[in-house]
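> quick one, fold the following:
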Amino acid sequence: MKNSNKKKYADIGKRIKSRMKKLGFSQVDIATMTGASSGAISLWVNGGSKPQERYLNLLAEVLETETDWLLGGDKEKKKPEPETKE
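Below is the predicted model:
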């Protein structure tokens, strides 16, 4: 693996960990909610690989953020809360 990919994957892992901590999710929680294996989640969180495209949107949704931010975007954008009807 190239050093640039190692750093990129580590950055993605840090972002995933940050959102997990804010939301109180464990790796098992993320695996259950996304359908990814616990081994895959561990690799993502520890910077061993990045999430495959089929999991990326689910992961962003579960972590209440945007895929662009997870992949290295500048701002941590949170999806707006849905409006409730009274």
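
> burial check on Leu23, number of neighbours?
Counted by other Cβ atoms under 10 Å, the residues lying close to Leu23 total 13. In this view, the C-beta of every residue, glycine as well, is placed from N, C-alpha and C.

> that one against Glu64, yeah?
Yes - assessed by Cβ atoms under 8 Å, Leu23 is found in contact with Glu64 at 6.7 Å.

> ok now the helix or strand of the chain with the lowest mean pLDDT, how far from the chain's centre?
Every helix and strand in the chain was compared by mean pLDDT, DSSP states H and E; the lowest is helix 3-23, with a mean of 88. The chain centroid and the centroid of helix 3-23 are separated by 8 Å under Cα atoms, centre = their mean, to the nearest Å.

> which residues sit in contact with the most centrally placed residue in the chain?
Nearest residue to the geometric centre of the chain (Cα atoms, centre = their mean): Ile16, 4.0 Å. By Cβ atoms under 8 Å, 6 or more residues apart in numbering, the residues touching Ile16 are Ile30, Trp44, Val45, Leu59, Leu63, Leu70.

> can you pick the most crowded of these?
Neighbour max across the contacts of Ile16 (other Cβ under 10 Å) = Trp44, 27 neighbours.

> gap between it and Ala31?
Distance, Trp44 to Ala31, using Cβ to Cβ, to the nearest Å: 10 Å.
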